[in-house]
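**Student:** here is my input, please return the structure:
(one chain, ligands or ions: 2)
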Amino acid sequence: MARFLIVEARFYGHLNDMLIDGAKTALKDAGHDADVITVPGALEVPGAIAMAAESGQYDGFVAIGVVIRGETYHFEIVAGESARALMALTMDGIAIGNGILTTENEEQALVRADPAQKNKGGEAAQAAIRLLELREEFA
Ligand SMILES: Nc1c(NC[C@H](O)[C@H](O)[C@H](O)CO)[nH]c(=O)[nH]c1=O
Ligand SMILES: CC(=O)[C@@H](O)COP(=O)(O)O
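**Tutor:** Ligands and ions are numbered 1, 2, ... in the order given. Predicted coordinates:
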């Protein structure tokens, strides 16, 4: 059993609840534990994961959130920089699955958040599980 931390950027609560449900189910089905912490937005997720990884309290991480395009360039910053920072942490050997949705509208996000549809939360959890398996295989 491994210990996973789900770090959620709680910008759209109802969508996050579905993403977290999918992630928790995937982790439980694989026999792993999961805690959940909340940060304000997607830009805070990588930093929170970096801090938690440094603590040594968790084996793997799932990033959860929803970034929906608005009127300004801020979408590109939030979506792009959160993904880039998460990828940089992954390249440092931290097992992270990225379940931060980046969509044009809420309808697209709903389809992807719903565990009964595209289940991107579960998909992100499975990615984190696989990376942890690989890290242990290559250790
Ligand atoms: N617009 C969205 C944000 N924006 C907030 C940023 O992520 C960040 O919390 C703020 O800039 C303070 O540093 N975050 C989301 O997760 N989703 C959005 O749609
Ligand atoms: C992704 C965002 O930052 C977005 O929700 C903010 O909307 P806006 O660009 O209209 O300020």
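**Student:** around ligand 1, pick out the residues from this structure.
**Tutor:** Residues of the chain lying near ligand 1 by CB under 6 Å from any ligand atom: Ala9, Phe11, Pro40, Gly41, Ala42, Leu43, Glu44, Gly65, Val66, Val67, Ile68, Val78. The way it works is simple: take the backbone N, C-alpha and C, and place the C-beta from them, glycine included.
**Student:** and the residue of this structure nearest ligand 1?
**Tutor:** Nearest residue of the chain to ligand 1: Gly41, at 2.2 Å (CB to the nearest ligand atom).
**Student:** that residue and Phe75 touch, don't they?
**Tutor:** No: the criterion here is CB atoms under 8 Å, and Gly41 misses it with Phe75 at 12.0 Å.
**Student:** return the subset of the residues of the chain next to ligand 1 lying in strands.
**Tutor:** Members of the residues of the chain next to ligand 1 lying in strands (criterion: DSSP state E): Ala9, Gly65, Val66, Val67, Ile68.
**Student:** could you measure from the last one over to Ile94?
**Tutor:** Which is Ile68. 27 Å (CB to CB, to the nearest Å).
**Student:** the more surrounded of those two?
**Tutor:** With neighbours defined as other CB atoms under 10 Å, Ile68 and Ile94 compare such that Ile94 has more, 23 against 19.
**Student:** skip the chain neighbours and tell me the closest residue to the more buried one.
**Tutor:** With CB to CB, 6 or more residues apart in numbering as the criterion, Ile94 has its nearest non-adjacent residue at 4.9 Å, and that residue is Ala53.
**Student:** near ligand 2, anything from the helix or strand hosting the one you found?
**Tutor:** Ala53 is located in helix 45-55, with elements delineated by DSSP states H and E. No: against ligand 2, helix 45-55 shows no contacts by CB under 6 Å from any ligand atom, the least distance being 13.7 Å.
**Student:** residue of this protein closest to ligand 2, please.
**Tutor:** Nearest residue of the chain to ligand 2, counting by CB to the nearest ligand atom: Gly70, 2.1 Å away.
**Student:** can you pull the pLDDT of that residue?
**Tutor:** Gly70 carries a pLDDT score of 97 in this model.
**Student:** if anything else comes up later, I'll come back, but that's it for now.
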